[in-house]
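Enquirer: Only the shape, not the letters, is given here:
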């Protein structure tokens, strides 16, 4: 209800967007730090979840869509994650994912129109018929993706150097670190930060520093004797 509360603590762990953290600090950080915070950018996201009167669509957990004929960028097949994620055995639940920016045409489209769009596009992709869609809902997520542009590393270095001066403050997670962490990486940063409070000396910024693509693992070549 707009009420402001003050809470005193010995340790702080935050997963809020690092930009919002810097902007909310009082007294305010130096101008160059605020400028670096304003230099970080994000990509927003919405998902249209459809309940389809289809037993099975495709064997994958998700597929990426690259054709310019549709706006959807990725399709989650929730039934392939778990049968418990569909209302009944003969149905399929898919998440039609749209990458967008708050305020753009996709973001501002009404929920009913987005559900119709998703149904049309799944038919356009020849995965199901639009008439198979029995129900749907829309979930919007601001700042879902940290943008890795040509300047983000320099901006982030400025913010990290400033925040390192607060010994009882740790930032964690995708938004708290402006890093494209998967869920397991984000959870690990939080777990390590708790251990730090109890005396450990983990550098949570070392989590997920490998350069590998997170959704693909190249198998080692077979042994000659195999």
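Expert: Right, received. Where do you want to start? Bear in mind that the values here come from a model prediction, so they are computed numbers and not experimental data.
Enquirer: which outside residues touch stretch 178-198?
Expert: With Cβ atoms under 8 Å, 6 or more residues apart in numbering as the test, stretch 178-198 has contacts from 11, 13, 15, 17-19, 40, 145-146, 148, 152, 156, 159, 170, 172-174, 176-177, 200, 202, 204, 207-208, 214. (Each C-beta comes from the backbone N, C-alpha and C, glycine too.)
Enquirer: again with stretch 98-114
Expert: Residues outside stretch 98-114 that contact it (Cβ under 8 Å, 6+ apart): 43-48, 71-73, 117, 137-138, 140, 142, 145.
Enquirer: end-to-end on that stretch?
Expert: Stretch 98-114 has its terminal residues 10 Å apart, counting by Cα to Cα, to the nearest Å.
Enquirer: That stretch: which residues count as buried?
Expert: 98, 100, 106-107, 109, 114 (16 or more other Cβ atoms under 10 Å).
Enquirer: Also stretch 198-214?
Expert: Within stretch 198-214, the residues scored as buried using 16+ other Cβ under 10 Å are 202, 204, 207-208.
Enquirer: How is this protein divided into domains?
Expert: Domain ranges of the chain: 12-41+148-206, 42-145, per automatic domain parsing.
Enquirer: which SSE is residue 69 in?
Expert: Using DSSP states H and E, residue 69 sits within no helix or strand.
Enquirer: Give me the nearest residue to the residue minimising distance to the centre of the chain, chain neighbours excluded.
Expert: Centroid-nearest residue in the chain: residue 144, 4.1 Å away (criterion: Cα atoms, centre = their mean). In this structure, residue 144 finds its nearest non-sequential neighbour in residue 45, 3.6 Å apart by Cβ to Cβ, 6 or more residues apart in numbering.
Enquirer: Which strand residues bridge the one you found?
Expert: residue 99, residue 141 (DSSP bridges).
Enquirer: any idea how far it lies from residue 77?
Expert: Using Cβ to Cβ, to the nearest Å, residue 45 is found at 18 Å from residue 77.
Enquirer: I'd like to know which of the contacts of stretch 178-198 are buried.
Expert: Buried among the contacts of stretch 178-198 (16+ other Cβ under 10 Å): 13, 15, 17-19, 40, 146, 152, 156, 159, 170, 172-174, 176-177, 202, 204, 207-208.
Enquirer: Now, those residues that are in strands?
Expert: 13, 146, 170 (DSSP state E).
Enquirer: The second one touches residue 44, doesn't it?
Expert: No - between residue 146 and residue 44 there is no contact, the gap being 11.5 Å when judged by Cβ atoms under 8 Å.
Enquirer: Tell me where this structure has helices.
Expert: Here the chain has its helices, by DSSP state H, at 18-24, 31-39, 78-81, 105-108, 111-124, 152-163, 173-177, 183-197.
Enquirer: Make a markdown table from those helices and add distance to residue 54 and mean pLDDT to it.
Expert: Below are these laid out as a markdown table (distance: least, Cβ to Cβ, whole Å; pLDDT from 0 to 100):
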| stretch | distance to residue 54 | mean pLDDT |
| --- | --- | --- |
| helix 18-24 | 41 | 96 |
| helix 31-39 | 45 | 98 |
| helix 78-81 | 10 | 96 |
| helix 105-108 | 25 | 98 |
| helix 111-124 | 10 | 98 |
| helix 152-163 | 41 | 97 |
| helix 173-177 | 33 | 95 |
| helix 183-197 | 28 | 94 |
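Enquirer: Same list, these, but as CSV with distance to residue 94 please.
Expert: Formatted as CSV, those follow (distance: least, Cβ to Cβ, whole Å):
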stretch, distance to residue 94
helix 18-24, 32
helix 31-39, 36
helix 78-81, 7
helix 105-108, 18
helix 111-124, 7
helix 152-163, 32
helix 173-177, 24
helix 183-197, 20
